[in-house]
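A.B. asks: Take a look and give me a structure for this.
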Amino acid sequence: KIIRNILQKIGVKKILEKLFYFESSIAAYWVSKSHKRLYQVQWGLYPQPEFFDHHIDLYWHWGFSGNSLWVERGVFGGLALKGNNLLELSCGDGFNAKHFYSLRSKKVIACDFDEVPLKVARSKNSAPNIEYVLADIRTNMPDGVFENITWDAAIEHFTEDEISKLMIDIKSRLTKDGILSGYTLTEADDGIKSNSLHEYEFKDMADLKRFFEPHFK
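C.D. replies: Numbers count the residues shown, from 1 in each chain. As a prediction, this is how the structure comes out:
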């Protein structure tokens, strides 16, 4: 107590606080600029990747764009979770698997057909209850029974025929009261795809719904 009182009197806390505030400001600036450069290389040079490193969102793009959709997807996806086993299809960099799904699920199996994003996922977004699996869900969807299956911002990377088949495989892996959740976008009015790697962008809600109606109430 005596030492603490002496330190308070000489203002050590204020000195340390100013020092670490300055340090954190420099670190934040550097991290922001480095992730901006990473974005410029990944998305400005050919070819563009089929996944997005959401640490770019976290440290730079969110503030730059003012668009919070990337985190809203994780939040709303988390609200659908029942707490047991979850299968994530086309997991990409694994950001949602770690920061949202693993926090509210006993076990997460997250798969992608591309080893590149899985390497990012394992290095940046690992957790004890997440298993990252290399699998092309068109031919090798992970087996099991799951309370939740999430397919977030990825259904548009598949053709109409592939989506129809995948719905059958998804339904066969869900428990009786299981939930399929996810996010996708609609096609622009001019018909130009928002990403050249998208196979099919839905015209409207009814267009999307036709893939679900044969399998879900």
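
A.B. asks: thought A153 was touching G182?
C.D. replies: Yes: using CB atoms under 8 Å, A153 is in contact with G182, at 7.4 Å. No exception for glycine: its C-beta is placed from N, CA and C like everyone else's.

A.B. asks: Leaving out sequence neighbours, find the closest residue to S196.
C.D. replies: Counting by CB to CB, 6 or more residues apart in numbering, S196 lies nearest to Q48, which is 7.1 Å off, once chain neighbours are set aside.

A.B. asks: how close does that neighbour sit to Q40?
C.D. replies: 12 Å (CB to CB, to the nearest Å).

A.B. asks: what ranges do the strands span in this protein?
C.D. replies: 85-88, 107-112, 130-134, 146-150, 174-181 (DSSP state E).

A.B. asks: Format those as CSV; extra columns: mean pLDDT and distance to L118.
C.D. replies: Conversion of these to CSV gives the following (pLDDT from 0 to 100; distance: least, CB to CB, whole Å):
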stretch, mean pLDDT, distance to L118
strand 85-88, 98, 12
strand 107-112, 98, 5
strand 130-134, 98, 5
strand 146-150, 98, 17
strand 174-181, 96, 22
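
A.B. asks: Which stretch among these is buried most, on average?
C.D. replies: The highest average neighbour count among the strands of the chain, using mean count of other CB atoms under 10 Å, belongs to strand 85-88 at a mean of 27.

A.B. asks: Tell me which residues touch E50, please.
C.D. replies: E50 sits next to D114, P117, H157, L197 when contact means CB atoms under 8 Å, 6 or more residues apart in numbering.

A.B. asks: Now a ChimeraX select for only the buried ones of the residues you listed.
C.D. replies: Those of the contacts of E50 that count as buried under 16 or more other CB atoms under 10 Å are selected in ChimeraX with:
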select :117,157
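
A.B. asks: Adding pLDDT and distance to G66, write the contacts of E50 out as a markdown table.
C.D. replies: Below are those laid out as a markdown table (pLDDT from 0 to 100; distance: CB to CB, whole Å):
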| residue | pLDDT | distance to G66 |
| --- | --- | --- |
| D114 | 96 | 29 |
| P117 | 97 | 26 |
| H157 | 95 | 26 |
| L197 | 86 | 25 |
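
A.B. asks: From the contacts of E50, which land in helices?
C.D. replies: The helices, defined by DSSP state H, take in P117 from the contacts of E50.

A.B. asks: so how far is A80 from A127?
C.D. replies: Taking CB to CB, one finds A127 at 19 Å from A80.

A.B. asks: Of all the helices and strands in this protein, which has the lowest average confidence?
C.D. replies: Within the chain, confidence by mean pLDDT, DSSP states H and E is lowest for helix 2-9 among all helices and strands, at a mean of 74.

A.B. asks: What lies in contact with that helix?
C.D. replies: The contact list for helix 2-9, computed with CB under 8 Å, 6+ apart, reads K13.

A.B. asks: can you check stretch 148-162 too?
C.D. replies: 50, 73, 77, 80-82, 84-90, 92, 96, 101, 105, 138, 163, 166, 170, 173-174, 178-185, 195, 197-202.
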